[in-house]
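[1] Provide a 3D model corresponding to the input given below.
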Amino acid sequence: MNLEELFSLHKEQTIEGRYLTLDAITPLLEKLNTNNQVEVIGKSVLGEPIYSYKIGTGETRIYLWSQMHGNESTTTKALFDFINVLNSGSDFANKLLETFTFYSIPILNPDGAKLYTRENANKVDLNRDSQQLTQPESKVLRAAFEEFKPHYCYNLHDQRTIFGAGDTGKPATVSFLAPAYNEEREINESRTKAIDLIVAMNDVLQDYIPGQVGRFDDSFNINCIGDTFQYLGVPTVLFEAGHFPNDYEREITRKYIFFALISGFKALSENDIVINGINKYLNISQNKVVFYDFMYKNIKINYDGIEIITNFAAQYKEELIENKICFTAYVTEVGELENYYGHFEYDAKGAEYTDDFDNFPKTSQKADFYLNKNIKFVNGLIKG
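    Reported below is the predicted structural model:
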């Protein structure tokens, strides 16, 4: 199977970028609703509809939800790309539809999606509300789980650009987790199934992004939805769409999430899952906070009359301005920054730092500065 070609054929061209709201996906759902596959299964805090989409007649039930965190849209894009495959009429699609019944919630948190926030409109992180169920969106997710009775759960998220795949110096473009079901983080039958599925997806992704797959921290928190569903005996896989070099719109990462979805369901449908893949799973590099968006090395700074050579880092802040996500770079750290990497790195080789303020890179200051007074950096990057 040519995954590149499959993605090119079925990529949903009407949605792109980081800002994805109900306004963008409602026309897609209307187009897909040829036989009452789309339902409104609840309302958000602000009264927005929460949609589900169901397709397939197979015995194995798959439950997928995306944008539980409103500002994490990459997996929503990949989910619609995958849904397009299911509706393609191909032999592969028909095999999947005969094997599985897919039940998806494309945007669980429509208020957060519109506001471009992690939390819902009540400023509650829905992924910490799986026990108390204080929010309408949490109740919708749990009610659908109990009614659908899935055999597998897919918990679809984005992660920040700060994560690398271990100490390799490579970004964690895609990360997975088979959540723990207890404090001891033991491996039971349910968690083993999730682990084996992750191993199958990782085996494929390594052909495309070698060394860029991470394993998310498995500390147990029963308030997290993945831990809860794993505790309830349903194999659950956490997806984290991360950074690919120069892909801040997450359009390349979107493709690799699509590859993971396709390859995982292909392996499940063909019963081509390695059993007891725990060692291969543990060999996936652990996610580590080792990246900044920008790293500037060997900068000369006049510090209280003393010239020093140091490094500093800057990070993008994502800001919603006039319905568009703007990336603004701010200084975050100054110092040796040993064992850290930058997605953009610049070796100043002792060039002198100056700016329009105090000629010192202060934290929370915009990354606009000069080197040797003739190289201008604006929003973190060299200007002109």
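
[2] run the chain-centre distance for the longest strand along the chain.
    Criterion DSSP state E: the longest strand present in the chain is strand 306-321. Remark: strand 306-321 is offset 24 Å from the chain centroid, using CA atoms, centre = their mean, to the nearest Å.

[3] could I get the buried residue list for the next helix-or-strand element following it?
    Reading on from strand 306-321 to the C-terminus, the next helix or strand found by DSSP states H and E is strand 324-335. The neighbour-count check on strand 324-335 (16 or more other CB atoms under 10 Å) flags Ile325, Ala329, Tyr330, Val331, Thr332, Glu333, Val334 as buried. (Glycine included, C-beta is placed from N, CA and C.)

[4] could I get the CA-only coordinates of strand 324-335 as PDB?
    These are the backbone C-alpha positions of strand 324-335, laid out as PDB (Å, rounded to 0.1, in the frame of the first residue of the first chain):
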ATOM      1  CA  LYS A 324      -6.000  33.600  12.400                       C
ATOM      2  CA  ILE A 325      -3.300  32.000  14.500                       C
ATOM      3  CA  CYS A 326      -0.300  34.300  14.700                       C
ATOM      4  CA  PHE A 327       3.100  33.000  15.900                       C
ATOM      5  CA  THR A 328       4.900  35.600  18.000                       C
ATOM      6  CA  ALA A 329       8.400  34.800  19.300                       C
ATOM      7  CA  TYR A 330       9.300  35.700  22.900                       C
ATOM      8  CA  VAL A 331      12.600  35.200  24.800                       C
ATOM      9  CA  THR A 332      12.200  32.400  27.300                       C
ATOM     10  CA  GLU A 333      15.600  31.400  28.700                       C
ATOM     11  CA  VAL A 334      19.100  32.800  29.000                       C
ATOM     12  CA  GLY A 335      22.100  30.700  29.900                       C
END
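
[5] what packs against that strand?
    Contact partners of strand 324-335 among helices and strands, from 3 or more CB pairs under 8 Å, 6 or more residues apart in numbering; DSSP states H and E: strand 291-303, strand 306-321.

[6] how about residues contacting the shortest one?
    When contacts are taken as CB atoms under 8 Å, 6 or more residues apart in numbering, the neighbours of strand 291-303 outside the stretch itself are 161-164, 171, 243, 307-316, 329, 332-333, 337, 340-353, 359-361, 367, 371, 380.

[7] what are the boundaries of the strands in the stretch 1-150 of the chain?
    38-43, 49-55, 60-65, 100-105 (DSSP state E, counting those that start in this stretch).

[8] could you dump these to TSV with distance to Asp247?
    Putting these into TSV (distance: least, CB to CB, whole Å) gives the following:
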stretch	distance to Asp247
strand 38-43	30
strand 49-55	27
strand 60-65	23
strand 100-105	24
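
[9] now render the ones you listed as a markdown table, adding mean pLDDT and distance to Ala93.
    Listed next are those as a markdown table, based on pLDDT from 0 to 100; distance: least, CB to CB, whole Å:
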| stretch | mean pLDDT | distance to Ala93 |
| --- | --- | --- |
| strand 38-43 | 98 | 18 |
| strand 49-55 | 98 | 10 |
| strand 60-65 | 98 | 14 |
| strand 100-105 | 98 | 11 |
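
[10] tell me which of the ones you listed approaches Val289 most closely.
    Val289 sits nearest to strand 60-65 of all these, at 25.9 Å, using CB to CB.

[11] buried among the contacts of strand 291-303? Make that a PyMOL selection.
    In PyMOL, this line selects whichever of the contacts of strand 291-303 come out buried by 16+ other CB under 10 Å:
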select buried, resi 161+162+163+164+171+243+310+311+312+313+314+315+316+329+332+333+337+340+341+342+343+344+346+348+351+353+360+361+367+371+380
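
[12] what does the longest strand of the chain rub up against?
    Here strand 306-321 has contacts from 18-19, 71, 115-116, 161-162, 248, 292-301, 325-337, 340, 342, 350, 361, 367, 380, using CB under 8 Å, 6+ apart.

[13] okay, Asn302: pLDDT?
    The model reports Asn302 with a pLDDT of 86.

[14] what do you get for Ser219?
    96.

[15] mind listing the helices for this protein?
    3-10, 22-32, 74-86, 91-99, 110-115, 136-148, 189-205, 225-231, 251-269, 278-282 (DSSP state H).

[16] a markdown table for those helices, including distance to Phe176?
    Converted to a markdown table, the helices of the chain look like this (distance: least, CB to CB, whole Å):
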| stretch | distance to Phe176 |
| --- | --- |
| helix 3-10 | 17 |
| helix 22-32 | 25 |
| helix 74-86 | 12 |
| helix 91-99 | 20 |
| helix 110-115 | 23 |
| helix 136-148 | 20 |
| helix 189-205 | 4 |
| helix 225-231 | 11 |
| helix 251-269 | 8 |
| helix 278-282 | 8 |
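
[17] need the ones you listed in a markdown table (columns: mean pLDDT).
    Formatted as a markdown table, the helices of the chain follow (pLDDT from 0 to 100):
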| stretch | mean pLDDT |
| --- | --- |
| helix 3-10 | 98 |
| helix 22-32 | 98 |
| helix 74-86 | 98 |
| helix 91-99 | 98 |
| helix 110-115 | 98 |
| helix 136-148 | 98 |
| helix 189-205 | 97 |
| helix 225-231 | 98 |
| helix 251-269 | 98 |
| helix 278-282 | 96 |
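
[18] determine how far stretch 149-161 lies from the middle of the whole chain.
    9 Å.

[19] can you check stretch 55-72 too?
    Taking CA atoms, centre = their mean, one finds stretch 55-72 lying 15 Å from the centre of the chain it belongs to.

[20] repeat for stretch 50-64
    With CA atoms, centre = their mean, you get 21 Å for stretch 50-64.

[21] perfect, I'm done here.
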